[in-house]
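>>> no FASTA, just this:
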């Protein structure tokens, strides 16, 4: 069915004066004496194309909102530098009806209501804009790493090892409920993988294996967390970007993280101007300014120890008290980036007790070479670290934390055979989309969110 | 740790005459009277950089294979248009030892052996080449769809609906083995999602929801099949590309599939010449010629009915007998593309009984608007169809096949509210990597393959 994308018609003048055919859904329709106006959108553009129907003497039948139509007419220049289509009633063919119970009948639905119709909410301006920004951001992330000679690595989703705390992991099974097994051992021995298997919470450990073979790699795939938390920031299934670089130390990944964030935010601002204006108008006033400001300043760096000092001296009344050794809460992170530095900040060298076993231990014996990147407005957006590359130190730390050596043999091998300094970071894709769009609920930045008690389409 | 990628040193002449630092792993090492040769690779390049060590009177200690080293020296032009590094013994620092039990000690390991060390096999030439082609192919796929204004959509991996046959689906649970539930109902009611949940076998149905909102979309993410088949072509976890286009019919997606395949194969041939030569030499003679041939000819089209006639008249002795109504086997598919058409072929309009419920029924009442793209050498590489957009026909077909209406309410809604013709196809990413590299076993085209009884790192 040959037709032209609405985006093509309205963003170029190429078709002006020519006969064109577009397909799409009726967004609104107005009817006056001799002329009717039908706004048609095929999803390729945030903006509709306006069809101006010269009704003449004909028996014009106004199309209903939600109907899919095919329109043939002449592209003409409209007001405000737009391109419209002039058509006669016969130039509009209804392809698919939309009964009057079509849920997107009127404007101004709440986001809560739209969450109940995930299969249709993409037809609204808000979700059209969010899905496009999400797509352009994903492409920019791939572009950044590819142009810098990173290898895209797909780490496994189903895993036999539970690396970051089994409590938060989903299990994968072909058995499920059964009363035919005497005990867990028999159950799992009979399962598809012959052992207990789960869904990966992070591709980092396999990413390290990739980096210590290919030099520079990045992952971009789903991760899963069975966290029983019903908040606007948590998902059971989210997308995750995890670059890992061999022969790199903490300052190197700080440089990469800053460079990458600036590149991808710049790409979205450039490629989605209409969408960003829409968010600025409807969801977060000053959004574009805030992002432009972020990418035009050098990010700051401060140690955790210094940050704690700044917080204690601040005189602020924090909900969570501050003391060396505590994890920073969002209120602290926002204070540091918004009030103290007024820009993005890398906090470095956290106490080892609040960070993961694989992080490189600093000579002070108390801290690790970890960093969180804090941005004004939300707090932490990236977490990274140099990894412990010393076999003995890593093993000792694992034993202190009760991790079993046999579960990490291949990971330890990396420190046995040609060990090398390496470092990487993780970026939660949905958090990044929230930051770029101003959307306040993570359920609204991916099409089909999965949370406790919700895995519906 | 500032250093230069090996790829940069050897593919440009920019560094010739300058002092450079590279890091990497020792691949081989030769020692003669006054000079030693050390081949170093950091993973960024299939080709090593050769370090020529002027031993002088020093006490040169030959580095062992697998050690990680840092080399500082002068970049110089070598033989055969290469760039080498001239160094003195002090210019080589060992970063990480490699004991003599390093598994990649000698050359010429079998692929079977390498499968037992997935965390190290990326350090061989073969896997360096496969992982890079895989990465470049993935980037080319994104590039193709992005430049054509498609929106990248992440369809859900965890799903409450089981659409393509529950037998092949993994379940996702936070309970697993338990003896505390009286029956399945209680068990699943208490589970994380409050119902039985599984891992998606395809994002197509959600992809259709995306296309009927955003116009043109593509997915690129993992799919899962709990198939109990231990073959060189099956994985329990694979990556899947599924574009879907609104207002499109079967000929449109045939055009898109051909255009996409040609673009991405062309991109890999252009960006990975060394890797492709390597595969041509070591895995499939004539590979490059075959691919160039494929992308320089128009693909053929033939109906299933005509294909059956050609097969019956062929006089060939097929293992699986041919009769109208049977599914085509690989031997048939290869005969059609290799012997009859000698190029890629789209077979169209298959009997509805051997295809899925959602495919558009043709007016003949017997066939559906489906297509498989067959390529010389392997057979089917892409499967696609126009989707049934008629509410009543779709519902009738579902009922014939015993599918429950309540499981597909949102899918049916797409045919109720502004229904539109639409079509799409699916491409198994690993099958495509196999086709491009000549690798014969699907376990060798992704880093950590998951198959029956295997989910190890």
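Nice, I can see it. Given the structure is predicted, the values throughout are model-derived calculations rather than measurements. Numbering: from 1, shown residues only, chains lettered A, B, ... in the order given.
>>> got the residues of the stretch 351-457 of chain A near chain B?
Within the stretch 351-457 of chain A, the positions lying close to chain B (C-beta under 8 Å from any C-beta of the partner chain) are A:389, A:410-411, A:413-421, A:446-448, A:450, A:452-457. C-betas here are computed from N, CA, C, even on glycine.
>>> try it again with 7 Å
Residues of the stretch 351-457 of chain A lying close to chain B (C-beta under 7 Å from any C-beta of the partner chain) are A:410, A:413-414, A:416-421, A:446-448, A:450, A:452-457.
>>> per-residue confidence for the nearest residue to residue A:204 once chain neighbours are set aside?
Spatial nearest neighbour of residue A:204, excluding adjacent residues (C-beta to C-beta, 6 or more residues apart in numbering or on different chains): residue A:242 at 5.5 Å. pLDDT, residue A:242: 98.
>>> quick one on the thing from earlier: give me the buried subset of the residues of the stretch 351-457 of chain A next to chain B.
A:410, A:413-414, A:416-421, A:446-448, A:450, A:452, A:454-457 (16 or more other C-beta atoms under 10 Å in any protein chain shown).
>>> In helices, which of the residues you listed fall?
A:410, A:413 (DSSP state H).
>>> Mind naming the longest strand for chain A?
Longest strand in chain A, counting residues (DSSP state E): strand A:19-31.
>>> quick one: strands adjacent to it?
strand A:35-41 (antiparallel), strand A:68-77 (antiparallel) (DSSP bridges).
>>> and the next helix or strand after the shortest one, which strands flank it?
Using DSSP states H and E, the helix or strand that follows strand A:35-41 in sequence is strand A:49-54. Here strand A:49-54 has these sheet partners by DSSP bridges: strand A:35-41 (antiparallel), strand A:83-87 (parallel).
>>> Quick check: buried residues in the longest strand of chain A?
In strand A:19-31, counting by 16+ other C-beta under 10 Å, buried: A:20, A:21, A:22, A:23, A:24, A:25, A:26, A:27, A:29.
>>> can you pull the contacts of the fourth one?
With contacts defined as C-beta atoms under 7 Å, 6 or more residues apart in numbering or on different chains, the neighbours of residue A:23 are A:1, A:3, A:42, A:68, A:70, B:247, B:420.
>>> now those residues as CSV including pLDDT and distance to residue B:230?
As requested, those are exported to CSV (pLDDT from 0 to 100; distance: C-beta to C-beta, whole Å):
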residue, pLDDT, distance to residue B:230
A:1, 69, 44
A:3, 96, 47
A:42, 98, 46
A:68, 98, 46
A:70, 98, 50
B:247, 98, 43
B:420, 98, 42
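>>> Out of the residues you listed, which comes closest to residue A:283?
Checking the contacts of residue A:23 against residue A:283 by C-beta to C-beta gives residue A:42 as the nearest, at 24.0 Å.
>>> from what I can see that closest one touches residue A:27, true?
No. The pair residue A:42 / residue A:27 is not scored as a contact, 10.4 Å apart, by C-beta atoms under 7 Å.
>>> how near is residue A:384 to chain B?
Distance of residue A:384 to chain B, computed by C-beta to the nearest C-beta, to the nearest Å: 16 Å.
>>> can you list contacts of the strand or helix carrying residue A:430?
Using DSSP H and E, residue A:430 sits in helix A:429-437. Contacts to helix A:429-437, defined as C-beta under 7 Å, 6+ apart, come from residues A:130, A:133-134, A:137, A:235, A:238-241, A:265, A:268, A:279, A:283, A:375, A:377-378, A:381, A:442, A:445-446.
>>> So which of the residues you listed are in helices?
Those of the contacts of helix A:429-437 lying in helices (DSSP H): A:130, A:133, A:134, A:137, A:265, A:268, A:279.
>>> any idea how far chain B is from the residue nearest to residue A:358 when sequence neighbours are not counted?
Once flanking residues are discounted, residue A:358 sits nearest to residue A:387: 5.4 Å by C-beta to C-beta, 6+ apart. Taking C-beta to the nearest C-beta as the measure, residue A:387 falls 13 Å from chain B.
>>> Bridged to residue A:387, which residues?
residue A:359.
>>> Contacts only, for it.
Contacts of residue A:387 (C-beta under 7 Å, 6+ apart): A:208, A:358, A:359, A:360, A:422, A:423.
>>> Tell me which of the strands paired with strand A:49-54 sits nearest to residue A:107.
When the strands paired with strand A:49-54 are compared by C-beta to C-beta, strand A:35-41 sits nearest residue A:107, at 11.6 Å.
>>> Now do residue A:164, the pLDDT please.
Predicted confidence (pLDDT) for residue A:164: 49.
>>> residues making contact with stretch A:357-366?
By C-beta under 7 Å, 6+ apart, stretch A:357-366 touches A:349, A:351-352, A:368-370, A:385-389, A:393, A:397-398, A:401, A:403.
>>> do that again at 6 Å, thanks
With contacts defined as C-beta atoms under 6 Å, 6 or more residues apart in numbering or on different chains, stretch A:357-366 is touched by A:368, A:369, A:370, A:385, A:386, A:387, A:388, A:393, A:397, A:398, A:401.
>>> now stretch A:208-215
If you take C-beta under 6 Å, 6+ apart as the criterion, stretch A:208-215 is touched by A:151, A:153, A:217, A:244-246, A:414, A:422, B:42-44, B:119, B:122-123, B:131.
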